[in-house]
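Peer 1: below is the sequence, then the predicted model.
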Amino acid sequence: MRIGVFVCHCGSNIEGTVDTAAVAKATLEFPEVVYATDTMYACSEPGQDGIIQAIKEKNLTGVVVASCTPRMHEPTFRKAVERAGLNRFMFEMANIREHVSWIGKNREANTNKSLDLVRIAVEKLRRDAPLIPSKFSVNKRVMIIGGGVAGIQAALDCADGGLQVVLVERESTIGGKMAKLDKTFPTVDCSSCILGPKMVDVAQHPNITLHAYSEVDSIGGYVGNFQVKVKKKATYVDWELCTGCGACIEKCPSKKNPDAFNEKIGPCTSINIPFPQAIPKKAYIDATTCRQFVKGKCGVCAKVCPTGAIRYDMTDEIVTEDVGAIVAATGYDLFDIKKIPEYGSGTYPDVITGLQYERLLSASGPTGGHIKRPSDGKEPKNIVFIQCVGSRDKSLDRPYCSGFCCMYTAKQTILTKDHIPDSQSYVFYMDIRSPGKMYDEFTRRAMEEYGARYIRGRVAMVYPKGDKLMVRGADTLAGTQVEIEADLVVLAAGAEAAKGAPQLAEKLRISYDKYGFFMESHPKLKPVETNTAGVYLAGSCQGPKDIPQSVGQGSAAAAKVLALFSKDMLESDPQISRVDIKRCVGCGKCIMTCPFKAIKEVEFRGQKKAEVIETVCQGCGICTSTCPQGAIQLSHFTDNQILAEVNALCQS
Amino acid sequence: MPVLTGKELRIVGFLCNWCSYGGADTAGVGRFNQPTDLRIIRVPCSGRIDPLFIAKTLINGADGVLVSGCHPRDCHYAEGNFYARRRLEVLKRFLPILGIDPGRFDYTWVSASEGQRWQKVVTAFTEQIHTLGPAPRFDAVAPELLAKVAGAISQGGNRVAA
Amino acid sequence: MAAVKYISREKLPEWLKALAAERRLLVPVEEGGAVVFRAYDPAKAPVFGSDATAPPKGSVFPASKELFSYTYGKEGEDAKPTLTLDPKTTAEPTVVFGSKPCGARGFLIFDRVYMGKKFPDPYYIAAREATVFVTMACDTVENTCFCHWVGSGPADPAGSDLLLTPVAGGWLVEAVSAKGEPLLASPALTDGAAKAAEAEEVKAKTRAALGEAPDISTSKEALLARFDDMDFWRDQSDKCISCGACTYLCPTCYCFSITDEGSGMSGKRLRSWDACMHFQFTLEASGHNPRPTKAHRLKNRVGHKFSYYPTLHDGLIACCGCGRCVKSCPVSVDIREIVQNAVAKAKA
Amino acid sequence: MSRLEELKTRIKEALPGLECVIGWQKGYDALHNTPLFMRSAEDVDKLEWGALNVHNPAVYLPTMAGKKVGVVVKGCDSRSVVELLQENLINRDNIVIFAAGCDGVVDLTKVKAKLAAAGTGAGVVTAVSADGKTVSVTAGGKTVAMPMAEVAADKCLRCQYPNAVLADTFVGTPAPQPTPVPSANADLDALDAMSVPDRMAFWRYHMDRCIRCYACRNACPMCVCRDHCIAQSREPHWLSQDDSVTEKLMFQVVHAMHLAGRCTECGECQRACPMDIPVLALKKHLNRTIHDLFDYQAGVDAAAIPPLLQFKTEEVNIKERSW
Amino acid sequence: MSEPFNPYLPEVATILETVQETHNIMTFRVRFDDEAKMAAFKFGPGQVGQLSAAGIGEATFVINSPPTRMDYLQFSVMRTGEVTAKLHNLVAGDKVGVRAPLGKPFPVEDLKGKDIVFVGGGIGMAPLRTLFLYMLDNRADFGKIRLLYGARSPLDMAFSAELPEWTSRTDIETTLTIDREADGWEHKVGLIPNVLLEMAPKAENCVAITCGPPIMIKFTLEALKKLEFPDEQILTTLEKRMKCGIGICGRCNIGSSYVCVDGPVYTYAQLKALPNEL
């Protein structure tokens, strides 16, 4: 083997604390290293060309690059060595930036440690073997989980691109959070006017199958060939027959249920269609409140339904959808404002969330678009908005910024002034975060044109005084305590991961952060990919996003899916486990522990043996550490490779 | 010279690619200062780590071994760290009977986002190993200690007969 | 022949100390319930009563021996590879003191193979020449002893350099080879002529205790005749667990493996004991194994000792009758029984 | 009819349908019994039952897979059979289990020590008799009476299953479960009492005389890799052939870790060791750990999954360390 | 003082050239670094050598270049295990160790004046190549020479660079065959034993020399018996796991015959006399 070692300066990122030339020179003492050099930016075009040229000139058969983390540039360099004619697995990286130069300033120790990391990379490379991927077919259907604006965008883009799309929505209608909004910033155009047509497009698109009121039950398979079991929850209404006429809603005797679509500030019937533009516009029965279910008798809706669509005996149904890719667009939920008792939520009805305020503003909301406070239906004059409720607050384990609250609060002050010209809005804020096109101008308009009074400071408490609420807080700019008498208090509740997100992540075999937001593959370079091939992210499930960002991600995820499906055959990752059939004793321990059911028992000359299903194996190597005789080995991370690394580090 | 004599001890880390290796990267990106003793071996999953690798590393002269994987329930491969947790815990409890200080091995969970946590783990573990000092070696047991133990064995008998 | 000498129990440590001063002195000592040959330590009394658990095979033929070290290097601008091999054939002068005759006799079997004309083995020869065997004749016999079956006996001097025979108060010391004679020079030894008769009596009594040996002179042919009788070998090997205890404890088993161990640019090639009872012994890279079952392997082990080796080496049986393979076998496989079964079957 | 005679009768009845039945017979001297493979009625007449049946015949079963065989078991041996069944290494339909109550077997190392103390040796034993309470050994003309409690194998002194946990034919009256004797765990207790550095010296001292014969492994009924053990492979290359204590100890670690959660503590590894190395203590220690962590005992339930081949998302007994 | 001869110590040699013969067979051409030793090196066709990749180990291969062409020693290595995998990773300029010659050569003197039929299958062509080329280089000493060389497919055929010369020479008769039809294949299609029966060489004054995979050998021997070749006129070479190569280590023996010193070349008559343990 002829190994070349390339030690990257990364400008001064590495060279600043590592003597890269010394490392390169010293690696020449390592076995089979015939060429070593330091290079300014290994990943740059000249850097890569240098590697390719060296492979050709020095007849290198393996390459080690000591630079940044392989999680960043391993694919880059693998492609480079491949361009030079080597198998892409005849390449190893030593991470001397994130793991060395950036975490300490001692040049001697760093140089020495870098050399050690190259040493183990060389020892591993010496035991690498070329791996060649095999090909398998792709099922060109995509599942989008979540029918908010991000999911809708992804579904439409995929469908327009010619793909078959399965859209799964937990609620009985798509639309998500955006459907609940009155107007959108910074243009103040009507939310349902811009979302509605897209929802209709979903309903009418021949390539889109919509499973509303449904949830993902389990996911099997792998990129190109997932099998997703979808639980269609019982609606007790045959949607084939339901025309959405609304007769049942009119007659339903159970009318006082909190309306989830209206954020529980208005009532609804037990059989319901959430809002007039719902897609699908089909009724469903909430069995927890319906008299037929609760008391065992009623049956009014069944009697009035002109098409006879009511089915009280309906049960949940599981349908299996075979798809080649999945986009998770499950959105977010709101921080529970009751967790901050000082603000009086739950105690005082006139302390509401921003989203509830949206419903009060909306013409299709419970008040018909007239701002009436929940307690007595009076029109409020003094309205206090409190920012960062459940955002940027370490004490609540919500240290992150929810991103869009500053903007919607500004929008709401503007809309308030439009609705009630003699009103006064006050906004308690920490910082105003408005880094978008026309965003900062928008917040300025709220203050300057619409007279919203912005007070920089936190609110200490809200307490009642007569039918008013007293809001006591600090004005940190003035350095004074302020107290404002409010008719209505609107809390900008922060965004948090959608309920059930971690469970879904586990089904999808993707990671999520400690708050339940899904982890993207790379925070900058792979924002909509995940570490599980064929699973993509769109919208707020990855972290709080406003509408344009969500739509952008929906399209981005769709582009990824379209790119994935542009090939008829996918290449399987050859970095999988392989069985040495001579040494396998057929005990089946690997089969028992494989999380992917990627190993099966076969019979070979009358003896039981294990066999790896190439396309299913994900390359975790649990089998390798389970097999007592080491007969199943994970390629590229074989026992001998790891042992060689261990030995290299243990040698004195 | 693998470690800087007198300054560093030989600490080997086995990190899963998806979480902890990423966490160490995150720590690097955040420029979170760490001791330089640790050498990281990247593996796909903590489930790939045969406890025997750790035993081998310690018996062959490493002063400490640190394993880190994804937090339970957060394994990229769904279940790898669940198996790892059992196996590593069994190993950890096994080491002292061999005569290896259990403090020389530890395992933990660090996610890709937990750069600061990684810094804390590395710093604490490195300190712990420095407190324990260079590991004694099976092939270099001090003659006096050997004589003492041998004496006790020949007196008490190899196996204690009732 | 030098005059016979006598060493008393009391004077023995003095002699041992003198011997240890000049070279490596290996004596049988107890270690955790087993008796093994270790470098002499005056603080630790040697165990001369019963035969050692492990014979002194390792003194000349260590369990693992470096044949040579290798070092890769690089030369010139283009890092041209170089390879240097450095063999170490020298051996340390050694006295093995207190082995039973069977333990020393084992090397006679080695000698034929390792000191042959075509490929004399420099490592073995150096160690053999550097080692002196001071052997103790037996005064008791155990149930597993069968040295008299294979042309040896409890006072067999073959392979030894000095022979000690237990007599009242100490041992009669006889030089068996010229190599042994210089060791008699120690002042701890006194004239032993007076004890010679007693020693002869001990030898005769011990030999008599062994009783008559069965006739296994036809083992060569008898075992070959059973070569294809796999039912026979199945019956003989049924209880064998195919471990290497018999082989590694055998004073005559001389087979080995060669493996390379190295890291980085250097390493070594080792010759180490190997056991023909292990599946891996004859396993080929293709997966094919000419001796795939323990029946095949036991057939080769017994056949080698009692048939193939004698065929190649003037009828000398590659067994010294020490009985360790029987005594130390976890399941008491008895090679005497197997040979007798084969012989009986041939007669029938 | 004695247990032995009834066993013989039942085995003879079953023998025509079986490849063979594995049991014990007298060995090369009075002190040693040896495994017996019964293929004919005459073979069955050689069967022995009693304190000298030290071997665990379950070790032979996996290598005879595919053939229908019988096996005579003590209580402890039956646990190995159960464990093999649990791991699908043998097929229940192909195994016929004969069992009887066991009053314990001797530890030959203890017997040897007794004989040595009496001024004689195990090599010259001429007669042995045992009545369940006492073993009388005649050697070199002396007869030494040894209370069973002093020469029984440690496993017998703490035996929980004197009667097979699984049997097709159980003859005679079940044996009573003995009261655990404190000295039954003396080896582990002694190690527990040592300091960690002393333990390193302990293993350094003992492993030094290991001859790497792998009798411990080959006698172990749960060492199912056998011919493909990683101790002797180059791919993977876990161990070198260096004659060093680290390599020898590393093998014991391999053996012990591979047995974690599978070992029934039959003690064959240590009994088989020709160099008398106390390797069982490692497995005992692991079994204790497995029991503490997972409340699990190997070889009692053929339907159980070994604890290291499964997991719980919340591990009750594993504490996460805080950093 | 000069060291005594050490049969375990390889000669350090340099790889001059490697040839990728098939997907898993690679040929190595090596020369000892010690030119004096290279010049003095003598061997007979059929003798083997132990090729070392120091650090990994040794494996046995026949020296498949003939003693008449001493520019280099040639070994062809099929990738089967750890050592062969390492060897396949080596390139020209790399160092190997060579212990040679070991074993006994073909009985060249006895073959002189005889007609010869070589029957080689797959990698089994390697041991035949050395004798075949030796005979070509001493063409006058031998009678009619026929070579039947078969492989599974054209891609599995080693020494393909030499095949045009072998097939075009008029003083020998070369037949190539593959198991199944393949595009562009201009030679025979059929299993070696069947093609051999078609060729029907006369047994009189003829020696058949065969090497190949066990199953091929089995049926080739049957074919040769049909063609009435006496056992003494059939030569083959055995492959066994070897370590020492000098008749000590105890692996390669079949009864009392050590393949590494008494073989690897045996007549069928000798083989039949050995105990049955192949």
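Peer 2: Noted; the coordinates are in hand.
Peer 1: is the spatially closest residue to residue A:174 that is not a sequence neighbour in a helix, a strand, or coil?
Peer 2: In space, and not counting its chain neighbours, residue A:174 is closest to residue A:147: 3.1 Å by CB to CB, 6 or more residues apart in numbering or on different chains. Quick note: C-beta positions are derived from backbone N, CA and C, even for glycine. Using DSSP: H, G, I helix; E, B strand; the rest coil, the structure places residue A:147 in coil.
Peer 1: so residue A:147 versus residue A:329, what's the distance?
Peer 2: From residue A:147 over to residue A:329 the distance is 8 Å, taken as CB to CB, to the nearest Å.
Peer 1: and residue C:77, by the same measure?
Peer 2: 59 Å.
Peer 1: more crowded one of the two?
Peer 2: Taking neighbours as other CB atoms under 10 Å in any protein chain shown, residue C:77 and residue A:329 compare with residue A:329 leading, 31 against 6.
Peer 1: which non-adjacent residue is nearest residue C:346?
Peer 2: residue C:222 (3.6 Å).
Peer 1: the one you found touches residue C:345, doesn't it?
Peer 2: Yes. Assessed by CB atoms under 8 Å, residue C:222 is found in contact with residue C:345 at 7.1 Å.
Peer 1: give the contact list for the most centrally placed residue in chain B.
Peer 2: Nearest residue to the geometric centre of chain B (CA atoms, centre = their mean): residue B:65, 2.0 Å. Counting by CB atoms under 8 Å, 6 or more residues apart in numbering or on different chains, residue B:65 touches B:11, B:12, B:13, B:14, B:54, B:57, B:58, B:104, B:105, B:106.
Peer 1: do that again at 10 Å, thanks
Peer 2: A:646, B:10-14, B:41, B:49, B:53-58, B:91, B:95, B:100, B:104-107, B:125, B:129 (CB atoms under 10 Å, 6 or more residues apart in numbering or on different chains).
Peer 1: what's the answer for residue A:25, then?
Peer 2: So residue A:25 contacts A:5, A:7, A:19, A:36, A:37, A:38, A:115 (CB under 10 Å, 6+ apart).
Peer 1: hang on, the earlier thing: tell me, what's the model's pLDDT at the residue nearest to residue C:346?
Peer 2: The model reports residue C:222 with a pLDDT of 95.
Peer 1: contacting residues around it?
Peer 2: Per CB under 10 Å, 6+ apart, neighbours of residue C:222: C:216, C:306, C:307, C:339, C:340, C:341, C:342, C:343, C:344, C:345, C:346, C:347.
Peer 1: check what pLDDT the closest residue to the fifth one other than its chain neighbours gets.
Peer 2: So that's residue C:340. With sequence-adjacent residues excluded and distances taken as CB to CB, 6+ apart, residue C:340 is closest to residue C:214, at 6.2 Å. Confidence at residue C:214, expressed as pLDDT, is 95.
Peer 1: what helix or strand is residue C:214 on?
Peer 2: Under the criterion DSSP states H and E, no helix or strand holds residue C:214.
Peer 1: so it touches residue C:150, yeah?
Peer 2: No. With contacts counted by CB atoms under 10 Å, residue C:214 stays clear of residue C:150, the gap being 11.5 Å.
Peer 1: if I look at these two, which residues touch both of them?
Peer 2: Counting by CB under 10 Å, 6+ apart, the residues touching both residue C:214 and residue C:150 are residue C:339.
Peer 1: more neighbours: those two, which one.
Peer 2: Taking neighbours as other CB under 10 Å, residue C:214 and residue C:150 compare with residue C:150 leading, 26 against 14.
Peer 1: skip the chain neighbours and tell me the closest residue to the residue of chain E found nearest chain B.
Peer 2: Of all residues in chain E, residue E:55 sits closest to chain B, at 17.5 Å by CB to the nearest CB. Distance criterion CB to CB, 6+ apart; nearest residue to residue E:55, sequence neighbours excluded, is residue C:262 at 4.0 Å.
Peer 1: distance from the helix or strand that contains that neighbour to the middle of the chain?
Peer 2: If you go by DSSP H and E, residue C:262 is part of strand C:256-263. Strand C:256-263 has its C-alpha centroid displaced from the chain centroid by 23 Å (CA atoms, centre = their mean, to the nearest Å).
Peer 1: now do stretch A:417-425
Peer 2: Centroid separation for stretch A:417-425 versus its chain: 38 Å, with CA atoms, centre = their mean.
Peer 1: list the contacts of that stretch.
Peer 2: By CB under 10 Å, 6+ apart, the surrounding residues in contact with stretch A:417-425 are A:182-183, A:188, A:360-361, A:369-371, A:379-385, A:409-410, A:412-416, A:446-447, A:449-454, A:484, A:486-488, A:490.
Peer 1: please report phi then psi for the residue nearest to residue C:235 when sequence neighbours are not counted.
Peer 2: The shortest distance from residue C:235 to any non-neighbouring residue, by CB to CB, 6+ apart, is to residue D:37 (7.5 Å). Dihedral pair for residue D:37: phi -110, psi 110, per degrees, to the nearest 10.
Peer 1: ok, residue D:37 touching residue D:69?
Peer 2: Yes. Applying CB under 10 Å, one finds residue D:37 in contact with residue D:69, separated by 9.0 Å.
Peer 1: need the residues touching each of those two.
Peer 2: Each of D:19, D:20, D:21, D:22, D:57, D:60 lies in contact with both residue D:37 and residue D:69 under the rule CB under 10 Å, 6+ apart.
Peer 1: need the residues you listed in CSV (columns: secondary structure, pLDDT and distance to chain B).
Peer 2: Listed next are the shared contacts of residue D:37 and residue D:69 as CSV, based on DSSP: H, G, I helix; E, B strand; the rest coil; pLDDT from 0 to 100; distance: CB to the nearest CB, whole Å:
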residue, secondary structure, pLDDT, distance to chain B
D:19, coil, 95, 36
D:20, strand, 97, 34
D:21, strand, 97, 32
D:22, strand, 98, 27
D:57, helix, 97, 23
D:60, helix, 97, 26
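Peer 1: relative to residue A:79, which of those residues is nearest.
Peer 2: residue D:60 (55.3 Å; CB to CB).
Peer 1: which SS state does residue E:96 fall under?
Peer 2: strand.
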